[in-house]
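In: Prediction below, plus the sequence it came from.
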Amino acid sequence: MLKWLGLAILLVIVGGVAGCSTFLLPRVNETPETSPAKPDLLAPIGGMAEVTTPEAWREIRAPFWRNMLLSQVYGSRPADIRASTVSRKVIDPEFLDGKASLIGVQLSLAIGAETYRQDVHFVVPNTKGPHPVILGAGSCPNDVTLPFDGVERPEDLAYPGYCDHDGFGMSIATFIFGRYIETPPLEALIDHGFAFGAYYPGMIVPDASEAGLEALAELPKTDMDHGPYGAIGIWAWVASRITDYVETDHGLDETRVILFGHSRSAKVSLLAGALDPRIAGVIAHQSGTGGASVQKNGVGESIEEITETYPHWFSPSYALYAERADDLPFDQHALVALMAPRLLLLGNSARDKWSDPKGAFTAAKAAGAVYALLGSETFDARDLGDFDPDADLAFQFREGTHGITPEDWTPFLAWLDAHFSE
């Protein structure tokens, strides 16, 4: 009883702060950064010539930036051993008043000789497929993202405290940040012809500092070319293994796999898309430091702050730059550019300075040169509010704070329709 009384008081406080956020938090204006991201991704570097052709980018420069990011930020990536399907069950063939089917899939993922369970729950339109599929990396288990009968949480699964249920089928996170923080507008996605797949990457490495570091230390040490594992790197690898499954499901279109993530999960989705060419598109919403936002501008969450608070997220190498971010031989525009020429939407909000919307805009502007080199559109947004749903590399910006709102999903759906609807 005291637990829920304390929660109620907390919710009143948080709700009051959220409601007054327009006045309490400074607003990031829509004027873009004027300083370019450094270094120039295509300029001569380390004895390598200037990149002037798509072949030079793909064969020489992209692998260089990929190796740099893995060794200095995200850590080693396990080998791409294809996922195997343990079970597939249609939980509800008449989900959403008959518009869709709710399907539960259990996968087995292998790292070295060890195997790990990964659950994915799909909501698939009951119309002729194959359907484009949005894979949503949740910060809570699937029963929070899809709080419906038949979606069960595995026993002994570690998860953050804000994923606890209140006894009425909702999580604390949902109470505080709204229903879209974990669950997308499912009926709208179905009406637009998209399938949705929910997965909780914390099934393999939990999102908690002590437990996460312990789990990382216990993973088989295979393919360690880029140093120790980091949780974000492992979680991104999980997205690739779920893509393995999509390639085997005739109801899902393997050529139209879109990754979606918010905050820490946005970092995961962006990294997975950058490393896996099968990913057709990514929506990375408020990904911040270690995601799309540059780090050398001194704005937003610092490397010191993020590596101290979440030491399990990254390779230990990243923390070495805590007091000398300017010494980084790269910046996050390299990660954004590794998506080129595939589709990418970077979402942001005006009162989320911690995630540094201007830093993400700076990264997109710099990565635009790579998009142009590879035959796609360059990034030509004039300011942070210049959203173009037809753009291959798009930037979305709204009022409000950190979280996912209906005002986010309106442009998300416009962008998805423009690029992935038949």
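Out: Right, received. Where do you want to start? Because the structure is a prediction, the values reported are computed rather than measured. Numbering: from 1, shown residues only.

In: quick one: L189 and I134 touch, right?
Out: Yes: between L189 and I134 there is a contact under Cβ atoms under 8 Å: 6.8 Å. The way it works is simple: take the backbone N, C-alpha and C, and place the C-beta from them, glycine included.

In: so what's in contact with those two at the same time?
Out: Common neighbours of L189 and I134 (criterion: Cβ atoms under 8 Å, 6 or more residues apart in numbering): 195-196.

In: what's the spacing between V105 and S287?
Out: 27 Å (Cβ to Cβ, to the nearest Å).

In: the more surrounded of these two?
Out: The residue with more neighbours, out of V105 and S287, is S287; 31 against 20, by other Cβ atoms under 10 Å.

In: for the more buried one, helix, strand, or coil?
Out: What DSSP: H, G, I helix; E, B strand; the rest coil gives for S287 is coil.

In: swap in G273?
Out: Three-state call for G273 (three-state DSSP): helix.

In: Give me the neighbour count for it.
Out: 30.

In: Equivalent analysis for V120, please.
Out: V120 has 23 neighbouring residues, counting by other Cβ under 10 Å.

In: and if you look at L216?
Out: Neighbours of L216 (other Cβ under 10 Å): 21.

In: OK, contacts around it?
Out: 205, 228-231, 234, 312.

In: Out of those residues, grab the one that's most surrounded.
Out: In terms of neighbours by other Cβ under 10 Å, the contacts of L216 top out with G230 at 30 neighbours.

In: Next one: it from P78, what distance?
Out: The value you get for G230 to P78, if Cβ to Cβ is used, is 12 Å.

In: for L270, same thing?
Out: Between L270 and P78 the computed distance is 19 Å (Cβ to Cβ).

In: neighbour-wise, which of the two wins?
Out: L270 (30 against 23).

In: Return the residues in contact with A391.
Out: 377, 379-381.

In: Model confidence score at it, please.
Out: We have a pLDDT of 98 for A391.

In: Run through the helices of the stretch 251-400 of the chain in chain order.
Out: 264-275, 303-309, 316-319, 333-337, 357-373 (DSSP state H, counting those that start in this stretch).

In: and if you look at the stretch 101-250 of the chain?
Out: Under DSSP H, counting those that start in this stretch, the stretch 101-250 of the chain gives helices at 142-145, 172-177, 186-191, 209-218, 231-246.

In: where does the stretch 51-200 of the chain have low pLDDT?
Out: Within the stretch 51-200 of the chain, the ranges that satisfy pLDDT under 70 run 165-181.

In: try 80 this time
Out: 161, 164-182 (pLDDT under 80).

In: Just the buried ones out of the contacts of A391, please.
Out: Neighbour counting by 16 or more other Cβ atoms under 10 Å classes 379, 381 among these as buried.

In: Hmm, D326 is touching Q295, no?
Out: No: using Cβ under 8 Å, D326 is not in contact with Q295, being 9.1 Å away.

In: So for these two, which residue has more residues nearby?
Out: Neighbours per residue, other Cβ under 10 Å: of D326 and Q295, the larger number sits with Q295, 27 against 10.

In: how close does that one sit to I232?
Out: Distance of Q295 to I232, computed by Cβ to Cβ: 15 Å.

In: Nearest the geometric middle of the chain, what residue?
Out: Centroid-nearest residue in the chain, with Cα atoms, centre = their mean: A266, separated by 2.3 Å.

In: now that residue, nearest residue through space, not along the chain?
Out: Among residues not flanking A266 along the chain, S287 sits closest, at 3.6 Å (Cβ to Cβ, 6 or more residues apart in numbering).

In: how much space between F379 and A366?
Out: From F379 to A366 the distance is 8 Å (Cβ to Cβ).

In: no wait, G403
Out: Distance from G403 to A366, by Cβ to Cβ: 27 Å.

In: of these two, who's got more company?
Out: A366 (24 against 20).

In: Tell me which residues touch that one, please.
Out: By Cβ under 8 Å, 6+ apart, the contact set of A366 is 36-37, 40-41, 333, 336-337.

In: which residues of the stretch 201-350 of the chain score low on pLDDT?
Out: Residues of the stretch 201-350 of the chain that meet the cut-off, pLDDT under 80, do not exist.

In: Columns distance to P63 on top of the helices of the stretch 251-400 of the chain, output as a markdown table?
Out: Compiled in a markdown table, the helices of the stretch 251-400 of the chain are given as follows (distance: least, Cβ to Cβ, whole Å):
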| stretch | distance to P63 |
| --- | --- |
| helix 264-275 | 11 |
| helix 303-309 | 24 |
| helix 316-319 | 18 |
| helix 333-337 | 12 |
| helix 357-373 | 14 |
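
In: OK, contacts around the closest residue to H250 other than its chain neighbours?
Out: Using Cβ to Cβ, 6+ apart and skipping the chain neighbours, the partner closest in space to H250 is P130 (6.4 Å). Contacts of P130 were listed using Cβ under 8 Å, 6+ apart, and they are 250-254.

In: Roughly how far does the nearest residue to I279 once chain neighbours are set aside sit from F314?
Out: Here the nearest residue to I279 in space, its sequence neighbours aside, is G273; by Cβ to Cβ, 6+ apart that works out to 4.3 Å. For G273, the distance to F314 (Cβ to Cβ) stands at 18 Å.

In: Next: W237.
Out: According to Cβ to Cβ, W237 stands 14 Å off from F314.

In: And for F194?
Out: Remark: distance between F194 and F314 (Cβ to Cβ) = 31 Å.

In: My guess is P93 contacts S101. True?
Out: Yes: in this structure, P93 is within contact of S101 by Cβ under 8 Å, at 5.0 Å.

In: which residues are common contacts for these two?
Out: With Cβ under 8 Å, 6+ apart, P93 and S101 have common neighbours N126.

In: Comparing those two, which shows the higher neighbour count?
Out: Taking other Cβ under 10 Å, P93 and S101 do not tie; S101 has more neighbours (19 against 11).

In: OK, contacts around the more buried one?
Out: 90, 92-95, 122-124, 126.

In: 10 Å instead, please
Out: The neighbourhood of S101, defined by Cβ atoms under 10 Å, 6 or more residues apart in numbering, consists of 90-95, 122-126, 195, 251.

In: burial measure for the nearest residue to F397 once chain neighbours are set aside, as a count.
Out: Excluding the flanking residues, the one nearest F397 by Cβ to Cβ, 6+ apart is L384, at 4.3 Å. Counted with other Cβ under 10 Å, the neighbours of L384 add up to 22.

In: Please apply the same query to the one 10 residues further on.
Out: The criterion is other Cβ under 10 Å. On that basis, A394 has 26 neighbouring residues.
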